[in-house]
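Peer 1: Give me the fold of what follows.
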Amino acid sequence: MQQTLDLLTNPEQSFDNFIGLTNDEVKRKINFFLRSNDMLHCVIKGLKGSGKTHLIAACCHQITAHGEKACLINLKRPQHIENLLKKETLPQLVCIDDTQLATNNKELEVLLFRLYNHIEQSGKKMIWASRDFNLSPFSRKDLNSRYSAMLSLELHPNSPEENYLIIKHFIQQSQIVISNEACQLLIKEYNRDLSALTNKLKEISAYACSHKKKITLKICRNLIGYDLHQLAE
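Peer 2: Numbers count the residues shown, from 1 in each chain. Here you go, the predicted structure:
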C-alpha cells in the first residue's frame, strides 16, 4: 500500500464500499476525472462526515493500484505540504483534506497557492476536500480564481437508509456486536455525521468490552452523551 506523507490511508476506504446512491454521480465524475488527461484540479465539497475523506482516500488507492504514486495530506499538517514542495518529482495524485482551514489564514492560503502552481506546472493531479461551500472562500484573489477553475463536486447527505447500510458495513468490518435497535438509535443521533457516529461506536464498543457487557439499546441510550474516554479514566 502506498504510504502518504502524514498518514496511512485506510485500505477499507475504496470506491467499492462507498455505499449509497445519493452520491453515485459524484463517484462516477471523480472516476472520470482520474482518467482524464485534460483536468488536473478538483474540489470535493461536503458537510462534516459526508464521506469526503473516504472518497479522496479511494482515489489514492485507485491510483496506486495502477502503479502510480499518490498522497493524502490533511491541511492541519501544513509542514507536509512544505516537504512536498521541496520534492523534484511529485506523486501522480496529491489530495489535500480540510482545505477550509485556509480561509482567513494567509499562511495556508500562500501554501495552497504555491502547491496549486507546482502541481499544474508538473502536469500532475490534485484533489481538495472542503466543508466550505463559498464560491470565493479565500482572501487572495489569485487563489480564488484558481479555485473557481477547479472541477467542483458536492457530496449530499445520505438518506437514513443509506447511513444504516454504511454503519452495518462498518460494524461487520470492525467485528462490533450491537443490536439493530441500538444501531438505529445511534444513526438517529448522528444522522449527518458518519465520522462522529463511527467514533462513538468505537468508544461504546471499547467501553462495553472493558466492562464485559453487550452493546444493548439501554447501554447506548445511557452512554451516547458521555465522553467515554473520561469515564474510562
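
Peer 1: Show residues contacting stretch 14-21.
Peer 2: Contacts to stretch 14-21, defined as CB atoms under 8 Å, 6 or more residues apart in numbering, come from residues 27, 31, 51, 54-55, 58, 61-62, 158-159, 162, 165-166, 169. The C-beta positions use only the backbone N, C-alpha and C, and glycine is treated the same way.

Peer 1: The residue minimising distance to the centre of the chain: what secondary structure?
Peer 2: To find the centre residue of the chain, average its C-alpha atoms and take the closest one (CA atoms, centre = their mean): that gives Thr53, at 1.0 Å. For Thr53, the secondary-structure state derived from DSSP: H, G, I helix; E, B strand; the rest coil is helix.

Peer 1: Need the phi and psi values for the nearest residue to it once chain neighbours are set aside.
Peer 2: Distances taken as CB to CB, 6 or more residues apart in numbering put Asp97 closest to Thr53, at 5.6 Å, once the chain neighbours are dropped. Here is the backbone geometry of Asp97 (degrees, to the nearest 10): phi -90, psi 150.

Peer 1: if I look at Asp97, how far off is Ile19?
Peer 2: Using CB to CB, to the nearest Å, we find Asp97 at a distance of 20 Å from Ile19.

Peer 1: of the two, who's got more company?
Peer 2: For Asp97 and Ile19, the more surrounded residue by other CB atoms under 10 Å is Asp97, and the numbers stand at 23 against 20.

Peer 1: re the thing from before, quick one: contacts for the residue nearest to the centre of the chain?
Peer 2: Applying CB under 8 Å, 6+ apart to Thr53 gives the contacts Gln13, Asp97, Ala129, Ser195.

Peer 1: from those residues, which single one is nearest Glu154?
Peer 2: Checking the contacts of Thr53 against Glu154 with CB to CB, the nearest one is Ala129 at 11.4 Å.

Peer 1: Three-state assignment for that closest one, please.
Peer 2: Ala129 is classified as strand under three-state DSSP.

Peer 1: quick one, strands of this protein?
Peer 2: Assigned by DSSP state E, the chain shows strands spanning 41-45, 70-74, 93-97, 125-130, 151-154.

Peer 1: Right, I'll leave it there.
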